[in-house]
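Asker: quick one, structure for this:
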Amino acid sequence: MNKIYITKEFTWCMAHMLANHDGKCRNIHGHTYSMQVEIARKEGGVIDHKGFTDHGMVMEFNDVKGIIKRLIVDRLDHAFLYWKDSTDPMEHEIASILRKFDRKMVEIDYRPTAEEMAIHFKGEIDQEIQKLGVYVSSLIVWESPTSFAKVIA
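Answerer: Next up, the predicted model:
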């Protein structure tokens, strides 16, 4: 039996900053993120339920889209990603101001690098889709057109 994968791509805009970074990224800045999520069935192959809507598929693309938009994209689009354990007092002040003025901010417990995001997003998506008999075989977070982080199952 062949191992087959499906991939869905997503895009959103988001701001962040990197505490203790020696370069420009210590400043608040934004990216247009892209993410590619590759999914496979746990037992390999495709669904073999003749007469059902998902027969011959790894998973319905529209279902993948709905889950990932809800878990990741809709939550993060046009938000400031706030690392609650940041050692930069300015990051906490920015978060406080955003809260005060009811602006979109998402609090996280990891440093907001592309690498950490990829690891976190994969875990979050896997937890949701396991019950469907599929898993994330790889996930890529593009921070720019030339820079990405990839996590593989």
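Asker: in the chain, where is pLDDT below threshold?
Answerer: Applying pLDDT under 70 to the chain flags the ranges 1.
Asker: quick one: the helices in it, in order.
Answerer: Listed in chain order, the helices of the chain (DSSP state H) span 61-68, 74-76, 89-100, 114-129.
Asker: buried deepest among those helices, which one?
Answerer: Highest mean neighbour count of the helices of the chain: helix 114-129, a mean of 18 (counted as mean count of other CB atoms under 10 Å). (Glycine included, C-beta is placed from N, CA and C.)
Asker: thinking again about what came up before, export the helices of the chain to CSV and tack on distance to D48?
Answerer: Output for the helices of the chain, formatted as CSV (distance: least, CB to CB, whole Å):
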stretch, distance to D48
helix 61-68, 17
helix 74-76, 33
helix 89-100, 49
helix 114-129, 19
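Asker: any idea which residue sits dead centre in this protein?
Answerer: Computing the C-alpha centroid of the chain and ranking residues by CA atoms, centre = their mean puts F121 first, at 4.0 Å.
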